[in-house]
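Engineer: 3D, please:
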Amino acid sequence: MGVKNFTVQFHDNKVIYSPGQPVNGSILIELEEPMSMKAVKIKFSGKAQVSWTETRSTGKTTYTVRYSSREQYFKEEVSVYGEGSVGSFANSEELPAGQTVFPFQFILPPTLPSSFEGAHGHVRYLIHASIDRPWHFDPKTKAAFTVLDTYDLNLETDARISPTAEDSKTICCWCCSSNPITAMVRADRTGYVPGEFITVNATAENGSTRKLKLTRASVVQKVRFMAVAPHKKTRTWRKSMADIEGPAVTRRQTIQWNNERIQIPALPPSELRNCNIMIIEHYLEFRIVLPRMSKDLCVKVPIKLGTVPLQGITPYSQLPPTMPPPGGEIPLQPTTTAPPAQPPPYQSRLYTYHPLNPFAVPPPSYMAVAGGEVAIKDDDDNDHMMGGQSFAPQYTYYDWSQSAFTYN
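Structural biologist: Numbering: from 1, shown residues only. Alright, predicted model coming up:
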């Protein structure tokens, strides 16, 4: 069709923004030969969408119900060439062969939810571009970018509270019940940022005569998707995003987890503030895996994942682990072995990072969400879409290997 290249390019490859910031970039069109066209259009959009289907039966009839809801945060379209444009391209009808670049700038609204890609919904920010060719299929391209709502844990009154949960159950065998199996778990606090470690203390008490297979601690993400059509309904999704395992518990035995650590991967901020059709929750789950035919004993405590870490937290190096921390599964940014004599401090609105400060919080970086890219095909995409087929939001991540808070 003569279009060799049609892409959205972000200025300085910046693809992560905060609400209220300008998004700068350009549309690149490379043609093999001159092309007649009505216009080149760019559309900026931000929206949340929830959708899933359920099968229903009435007598011998089976049908599918689609549940959905949608929020539009912004949508703006401009013409940069041909009809509707201004300047030297206003009356143009043929784009010459070779490369043509159309710069753009769009200022984001001051209040937006963070980008999110979930099982039954998403919050997605896109830049679309299209070449309007009458009586032809319109070539299209698009690119997604990440918007991050600042979630400051220092403003949360319960972020420093150490949550605890306990529960027990019995195993039934024929007509008899065992003595109780009890689980207790405690996290060192409630508020964390991705990259930090949750310090887990737990007890697993086996009062039964059966061996319990293993114990496990997990960081769990739970999402509630809320549809409004054809009527209100909620679907819940949950998944373990990181976990560590402990030993089995033999009969009449009690085991202790003492300052075990589980690292939080790159995940979206809790709550998904400013979105009314999805809610994200995170919690620490401690599980005792029971014998077959018995439901596992599970206790959980809520945690909050933010983008700005708590000030003045206890250095990790004061809490030596009894199990080795996970390693190698999360790529870390390169570091230098010999910092300069007077390294520049990292300034933020709430704290200062200085590499020579033994209690320094490491500087924030960004990492693609745990789980990687997902397809982002829209209903109005055609077979001539030339970009933006997949996307992984990036979230704030604190590399604790650059801080004295880690183990040596």
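
Engineer: please make it C-alpha for all contacts and neighbour counts, starting now.
Structural biologist: Will do.

Engineer: separation between Ala227 and Thr234?
Structural biologist: Distance from Ala227 to Thr234, counting by C-alpha to C-alpha, to the nearest Å: 6 Å.

Engineer: out of those two, which sits in the more crowded spot?
Structural biologist: Ala227 (23 against 12; other C-alpha atoms under 10 Å).

Engineer: mind listing what the more buried one touches?
Structural biologist: 50-51, 67-69, 233-234, 277 (C-alpha atoms under 8 Å, 6 or more residues apart in numbering).

Engineer: nearest to Val220 among those?
Structural biologist: Lowest distance from Val220 to the contacts of Ala227 (C-alpha to C-alpha) belongs to Thr234, with 19.0 Å.

Engineer: what pairs with the closest one across the strands?
Structural biologist: For Thr234, the beta-bridge partners are Met226 (DSSP bridges).

Engineer: show the pLDDT at it.
Structural biologist: Predicted confidence (pLDDT) for Thr234: 97.

Engineer: same check on Phe405?
Structural biologist: pLDDT recorded at Phe405 is 41.

Engineer: same question, Gly46
Structural biologist: Looking at Gly46, its pLDDT reads 97.

Engineer: please state the backbone phi and psi of it?
Structural biologist: phi -140, psi 130 (degrees, to the nearest 10).

Engineer: just give me the neighbour total for the residue nearest to it when sequence neighbours are not counted.
Structural biologist: Residue nearest to Gly46 in three dimensions, not counting chain neighbours: Tyr125, with 4.4 Å by C-alpha to C-alpha, 6 or more residues apart in numbering. Residues lying near Tyr125 (other C-alpha under 10 Å) number 22.

Engineer: now do the contacts for Tyr125.
Structural biologist: 44-47, 115, 144-147.

Engineer: can you confirm it is in a helix?
Structural biologist: No. Read with DSSP: H, G, I helix; E, B strand; the rest coil, Tyr125 is strand and lies in no helix.

Engineer: please name the bridge partners of it.
Structural biologist: Where Tyr125 sits in a bridge, its partners, by DSSP bridges, are Gly46, Phe145.

Engineer: report pLDDT for it.
Structural biologist: pLDDT, Tyr125: 98.

Engineer: equivalent analysis for the one 4 residues further on, please.
Structural biologist: For Ala129, the model assigns a pLDDT of 95.

Engineer: now render the contacts of Tyr125 as JSON lines, adding distance to Asn201.
Structural biologist: Output for the contacts of Tyr125, formatted as JSON lines (distance: C-alpha to C-alpha, whole Å):
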{"residue": "Phe44", "distance to Asn201": "48"}
{"residue": "Ser45", "distance to Asn201": "45"}
{"residue": "Gly46", "distance to Asn201": "42"}
{"residue": "Lys47", "distance to Asn201": "41"}
{"residue": "Ser115", "distance to Asn201": "33"}
{"residue": "Ala144", "distance to Asn201": "41"}
{"residue": "Phe145", "distance to Asn201": "39"}
{"residue": "Thr146", "distance to Asn201": "35"}
{"residue": "Val147", "distance to Asn201": "35"}
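
Engineer: so which of those is the closest to Ser168?
Structural biologist: Closest approach to Ser168 among the contacts of Tyr125 (C-alpha to C-alpha): Ser115, at 38.6 Å.

Engineer: what about the closest one, neighbour count?
Structural biologist: By other C-alpha under 10 Å, 26 other residues sit near Ser115.

Engineer: correct me if wrong: it contacts Val147.
Structural biologist: Yes. Contact criterion C-alpha atoms under 8 Å: Ser115 and Val147 qualify, at 5.4 Å.

Engineer: show me the strands in the stretch 251-400 of the chain, by range?
Structural biologist: 254-263, 278-289, 297-305, 346-347, 352-353, 364-368, 374-375, 390-391, 394-398 (DSSP state E, counting those that start in this stretch).

Engineer: which of those sits closest to Val78?
Structural biologist: strand 390-391 (24.0 Å).

Engineer: what packs against the closest one?
Structural biologist: On a contact count with 3 or more C-alpha pairs under 8 Å, 6 or more residues apart in numbering; DSSP states H and E, strand 390-391 meets strand 374-375.

Engineer: what sits up against the strand it packs on?
Structural biologist: By C-alpha under 8 Å, 6+ apart, the list of residues contacting strand 374-375 reads 117, 389-392.

Engineer: give me the sheet partners of that strand and which way each runs.
Structural biologist: Here, using DSSP bridges, strand 374-375 pairs with strand 390-391 (antiparallel).

Engineer: just checking the distance from the partner strand to the centre of its chain.
Structural biologist: 13 Å (C-alpha atoms, centre = their mean, to the nearest Å).

Engineer: likewise stretch 56-68?
Structural biologist: The answer for stretch 56-68 is 33 Å, by C-alpha atoms, centre = their mean.

Engineer: what about stretch 294-314, average pLDDT?
Structural biologist: Stretch 294-314 comes out at a mean pLDDT of 91.

Engineer: got the buried residues for that stretch?
Structural biologist: 297-310 (16 or more other C-alpha atoms under 10 Å).

Engineer: what two of the residues you listed are the furthest from one another?
Structural biologist: Between all members of these, the farthest pair (by C-alpha to C-alpha) comes out as Leu297 and Val308, at 33.6 Å.

Engineer: Arg88: what secondary structure?
Structural biologist: One correction, residue 88 is Ser, not Arg. Recorded secondary structure, Ser88: helix (three-state DSSP).

Engineer: so what's the residue count around it?
Structural biologist: 10.

Engineer: ok, Arg261 next?
Structural biologist: Neighbour tally, Arg261, other C-alpha under 10 Å: 26.

Engineer: likewise for Leu214?
Structural biologist: Applying other C-alpha under 10 Å, we find 17 residues neighbouring Leu214.

Engineer: and the one 10 residues further on, by the same measure?
Structural biologist: With neighbours defined by other C-alpha under 10 Å, the count for Arg224 comes to 18.
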